[in-house]
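Participant: coords please:
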Amino acid sequence: MPDTPDRALPPTERRLDASAELDAMSTRERLALLTAESRVAVDAVEAALPQLAELVDAAAERMRRGGTVHYVGAGTSGRLGVLDASELLPTFHLEPGRVVGHIAGGSAALVSAVEDAEDSAGEGRAVVAGLGPDDVVIGIAASGSTPYVGGALEAAGAAGAVTALISSNPAASLAGIADIHVLLDTGPEVVTGSTRLKAGTAQKLALNGFSTATMIALGRTWQNLMVSVVATNAKLRERTVRILAEALGIAAEDARARLEASDGDLKSAIVAELTGRDPAEAARLLSAHDGSVRDAVAAGTGP
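Facilitator: I've put the predicted structure just below:
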């Protein structure tokens, strides 16, 4: 059976010929098809890297000026945005409110479907009220036509914020009101219309890439080490010891002692060791260079 000839439908709503007999397949065959089709998501994100890089650069520039980033979506798209935003505090010690996820229907929609909420453009406008030119609003919608997302993009654009749409529809109706369209062209789903599959996987990859690359641009890592991690429990405190030992090439006991001398501040301990400064001066260098270990070390060792 060929894909539906109705090209007026978004790609994610068309039928995939490879899964036409899905219910007649064995369990292994179904899983193999789902896995094979998921690889399409990686290719779709790779094709969108120029637009994704443009979005990262725009967001990093505005966040350096104190701006914020807002993800706006409904259903799976909204949940993925909220998930990505929530993981930035423990991973990168990002201050609350700097990257925020909004889902149509509010927090209740995180665990239960609130399907009609996506039709409210007014709710979308409300969640971005008060934003301005130093802010970024990223609408996430596989179809590229969700009214909730459209309301947010329209209001944010009118306020001068940078706007982006992440969709899986080359003909997304909302693309025209976004500054950047990150097109994740994943095509028809294995289960027709179920965008929690390939489209959702591509969205997750794109959001991971966007937020991680933005945090790196803001100096929240050093080399490939997670030096901004918040050590809120025993496991994470031991992780900071391992990170410092790896960064400086020293034994764990020495790393623990240096952390204690820096009041547990991993970045200060690294800068102090690499510049020969005391921890207090290392902390001042970091503060003067927006928390970037690389820039603080350069300033502390330069002429």
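Participant: all contacts plus neighbour counts: C-alpha atoms, from now on.
Facilitator: Fine.
Participant: what segments of the stretch 201-303 of the chain are helices?
Facilitator: Secondary structure of the stretch 201-303 of the chain (DSSP state H, counting those that start in this stretch): helices at 234-248, 252-261, 266-275, 279-288, 293-301.
Participant: tell me which of these sits most buried.
Facilitator: Counting by mean count of other Cα atoms under 10 Å, helix 266-275 has the highest mean neighbour count of these, with a mean of 24.
Participant: tell me what angle that one forms with helix 279-288.
Facilitator: 110 degrees (axes from the mean of the first three to the mean of the last three Cα atoms, to 10 degrees).
Participant: what mean pLDDT does helix 266-275 get?
Facilitator: Mean per-residue pLDDT for helix 266-275: 95.
Participant: next one: stretch 216-225
Facilitator: 95.
Participant: just the C-alphas of that stretch, formatted as CSV.
Facilitator: Only the C-alpha atoms of stretch 216-225 are listed here, as CSV (Å, rounded to 0.1, in the frame of the first residue of the first chain):
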residue,chain,number,x,y,z
ILE,A,216,28.8,25.3,26.3
ALA,A,217,28.8,28.7,24.5
LEU,A,218,28.0,30.3,27.9
GLY,A,219,31.0,28.7,29.5
ARG,A,220,29.1,26.1,31.5
THR,A,221,31.6,23.4,30.6
TRP,A,222,35.4,23.2,30.5
GLN,A,223,36.8,21.1,27.7
ASN,A,224,34.2,18.3,27.7
LEU,A,225,33.8,18.2,31.5
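Participant: in JSON lines: the helices of the stretch 201-303 of the chain, plus distance to residue 121.
Facilitator: Shown next, in JSON lines, are those (distance: least, Cα to Cα, whole Å):
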{"stretch": "helix 234-248", "distance to residue 121": "41"}
{"stretch": "helix 252-261", "distance to residue 121": "50"}
{"stretch": "helix 266-275", "distance to residue 121": "43"}
{"stretch": "helix 279-288", "distance to residue 121": "41"}
{"stretch": "helix 293-301", "distance to residue 121": "42"}
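Participant: neighbours around the closest residue to residue 90 other than its chain neighbours, how many?
Facilitator: Nearest residue to residue 90, sequence neighbours excluded (Cα to Cα, 6 or more residues apart in numbering): residue 230, at 5.2 Å. Around residue 230 there are 19 other residues, counting by other Cα atoms under 10 Å.
Participant: one more: residue 136?
Facilitator: By other Cα under 10 Å, the residues close to residue 136 number 29.
Participant: what's near enough to touch it?
Facilitator: 59, 62, 67, 68, 69, 70, 161, 162, 163, 164 (Cα atoms under 8 Å, 6 or more residues apart in numbering).
Participant: what about the residue most central in space within the chain, distance to residue 235?
Facilitator: Taking Cα atoms, centre = their mean as the criterion, residue 207 is the residue nearest the geometric centre of the chain, at 3.1 Å. Distance check for residue 207 against residue 235: by Cα to Cα, to the nearest Å, it reads 26 Å.
Participant: residue 204 is in contact with residue 42, correct?
Facilitator: No. In terms of Cα atoms under 8 Å, residue 42 does not count as a neighbour of residue 204; the distance is 10.3 Å.
Participant: between these two, which one's more packed in?
Facilitator: Shown here are residue 42 and residue 204; by other Cα under 10 Å, residue 204 has more neighbours (21 against 18).
Participant: excluding its backbone neighbours, what's nearest the more buried one?
Facilitator: Here the residue nearest residue 204, using Cα to Cα, 6+ apart, is residue 80, at 6.3 Å.
Participant: burial check on residue 132, number of neighbours?
Facilitator: Neighbourhood size, residue 132 [other Cα under 10 Å]: 17.
Participant: and residue 31, by the same measure?
Facilitator: 12.
Participant: i'd like the first residue to be 24 from this point on
Facilitator: In the new numbering, first residue 24, that becomes residue 54.
Participant: which secondary structure element contains it?
Facilitator: Element membership for residue 54, per DSSP states H and E: helix 50-70.
Participant: tell me what that helix is packed against?
Facilitator: helix 221-240 (3 or more Cα pairs under 8 Å, 6 or more residues apart in numbering; DSSP states H and E).
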